[in-house]
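A.B. asks: next one to model:
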Amino acid sequence: MSKITVKAPLFKSLFTKLLLSFSILGFIASVQVNASEVMASPAVEQQKLANRIGIIQQELADIRTQTMQSNPALVDQVKTFEATFEKKAKEINYQPEEFLKRAQDIQQQVRDENTTDEQRAELIKSFAKEKQALAKQRESIMADPELSKLEIALQKDTISAMKKQDPKTETLLKELDTLFTQFRS
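C.D. replies: Just a heads-up that it's a prediction; the model follows:
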């Protein structure tokens, strides 16, 4: 039996990179905030939640990889979604890679000891504005009815196939949902 190798979907890899850049903004903002000792306990709890979320996400990613390897039709569905997403992205000049490069530049400038507090504030403001513009572009892409229809079908089919692949998928998804709710509150 030949093994199907599935490249991480474009949209997943792009969004992972974007999440990384958003965490950079969080880091930048935290550099300017002095946390009091009173805040330590909630921060520790948040870190525990974040760690557990990461573990569950990795388990689900492993199940998803196994699912994709055993479901060529699902792989084709992913490719169709990605091609449609790329087409829509090109139409509106959506370039998250450029944003990531800019985010890294901003991070380096903010960390530079020669950067003044005023310059840091401007850099963070600039980053936030660029992040918002990119988010609006992405929303525009995802608002496309054709793409939305493909995404919903892909999500439904992927989760269904993952549940067949590994019965603990349902439990992991429920726990992840609960943890995200706790993390946000």
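A.B. asks: list the helices and strands the top helix by length along the chain packs on?
C.D. replies: As assigned by DSSP state H, the longest helix anywhere in the chain is helix 40-69. When contacts are defined as 3 or more C-beta pairs under 8 Å, 6 or more residues apart in numbering; DSSP states H and E, helix 40-69 sits against helix 72-91, helix 145-165, helix 169-184. In short, each C-beta sits where N, CA and C put it, glycine included.
A.B. asks: dump those to JSON lines, plus mean pLDDT, distance to Arg120 and mean neighbour count.
C.D. replies: Converted to JSON lines, these look like this (pLDDT from 0 to 100; distance: least, C-beta to C-beta, whole Å; neighbours: other C-beta atoms under 10 Å):
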{"stretch": "helix 72-91", "mean pLDDT": "95", "distance to Arg120": "31", "mean neighbour count": "15"}
{"stretch": "helix 145-165", "mean pLDDT": "95", "distance to Arg120": "38", "mean neighbour count": "14"}
{"stretch": "helix 169-184", "mean pLDDT": "92", "distance to Arg120": "27", "mean neighbour count": "13"}
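A.B. asks: out of the ones you listed, which comes closest to Lys131?
C.D. replies: Minimum separation from Lys131 across the helices and strands packed on helix 40-69 (C-beta to C-beta) falls at helix 72-91, 16.7 Å.
A.B. asks: now the angle between helix 72-91 and the longest helix of the chain, please.
C.D. replies: 120 degrees (axes from the mean of the first three to the mean of the last three C-alpha atoms, to 10 degrees).
A.B. asks: and for Ser126, the neighbour number?
C.D. replies: Applying other C-beta atoms under 10 Å, we find 12 residues neighbouring Ser126.
A.B. asks: host element of it?
C.D. replies: helix 117-142 (DSSP states H and E).
A.B. asks: about what we covered before: the helices and strands packed on helix 40-69: which one's closest to Gln132?
C.D. replies: Using C-beta to C-beta, the nearest of the helices and strands packed on helix 40-69 to Gln132 is helix 72-91, at 17.4 Å.
A.B. asks: what helices or strands is that closest one leaning on?
C.D. replies: For helix 72-91, the packing partners by 3+ C-beta pairs under 8 Å, 6+ apart are helix 10-31, helix 40-69, helix 117-142, helix 145-165.
A.B. asks: so the last one versus helix 169-184, what angle?
C.D. replies: In terms of direction (the same axes, to 10 degrees), helix 145-165 departs from helix 169-184 by 120 degrees.
A.B. asks: helix 145-165 - contacts with which helices or strands?
C.D. replies: Here helix 145-165 touches helix 40-69, helix 72-91, helix 117-142, helix 169-184, going by 3+ C-beta pairs under 8 Å, 6+ apart.
A.B. asks: re earlier: nearest to Ala50 among the helices and strands packed on helix 40-69 would be which one?
C.D. replies: Across the helices and strands packed on helix 40-69, Ala50 has its closest neighbour in helix 169-184 (6.8 Å, C-beta to C-beta).
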